[in-house]
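Colleague: got a predicted structure plus its sequence, pasted below:
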Amino acid sequence: MIRVRNLLLLAAMGGALAGCGARRELLPAQGKALPAAPYGREDKPSPDALLTPPVQAKPERSVELRSRSQDREDDPFDLPPED
């Protein structure tokens, strides 16, 4: 009996969590407007455009990862602290 109740509870929680991922068009709250257009831009961006990060905020990695250990080169600017 306890097992059946736990199974039903688990199924209900799974169904509730599955509904959390629903995606729909983003709209401003009732009675509110979107922010003003940015300076120098004539049209107002959509909510999805405002939520999309620019390329500078999410750059791609341009450095090749090292696949094995290598000695570091001497750094002429790595000076000991002054006393």
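Modeller: Nice, I can see it.

Colleague: could you pull out the strands for the chain?
Modeller: Shown for the chain, no strands are assigned by DSSP state E.

Colleague: where are the low-confidence patches of the protein?
Modeller: For the chain, the stretches with pLDDT under 70 are 1, 19-23.

Colleague: can we see that at 90?
Modeller: Per-residue confidence for the chain (pLDDT under 90) gives these ranges: 1-30, 32-83.

Colleague: can you point me to the longest helix in it?
Modeller: Within the chain, and with DSSP state H defining each element, the longest helix by residue count is helix 2-20.

Colleague: alpha carbons of that one, as PDB, please.
Modeller: In PDB, the C-alpha atoms belonging to helix 2-20 read as follows (Å, rounded to 0.1, in the frame of the first residue of the first chain):
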ATOM      1  CA  ILE A   2       2.800   2.400   0.900                       C
ATOM      2  CA  ARG A   3       4.600   1.400  -2.300                       C
ATOM      3  CA  VAL A   4       1.600   2.200  -4.500                       C
ATOM      4  CA  ARG A   5       1.200   5.600  -2.800                       C
ATOM      5  CA  ASN A   6       4.900   6.400  -3.300                       C
ATOM      6  CA  LEU A   7       4.600   5.400  -7.000                       C
ATOM      7  CA  LEU A   8       1.600   7.700  -7.400                       C
ATOM      8  CA  LEU A   9       3.300  10.500  -5.700                       C
ATOM      9  CA  LEU A  10       6.400  10.100  -7.900                       C
ATOM     10  CA  ALA A  11       4.200  10.000 -11.000                       C
ATOM     11  CA  ALA A  12       2.400  13.200  -9.900                       C
ATOM     12  CA  MET A  13       5.700  15.000  -9.200                       C
ATOM     13  CA  GLY A  14       7.000  13.900 -12.600                       C
ATOM     14  CA  GLY A  15       3.900  15.200 -14.400                       C
ATOM     15  CA  ALA A  16       4.200  18.500 -12.500                       C
ATOM     16  CA  LEU A  17       7.900  18.900 -13.500                       C
ATOM     17  CA  ALA A  18       7.100  18.000 -17.100                       C
ATOM     18  CA  GLY A  19       4.700  21.000 -17.300                       C
ATOM     19  CA  CYS A  20       7.400  23.400 -16.000                       C
END
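
Colleague: if anything else comes up later, I'll come back, but that's it for now.
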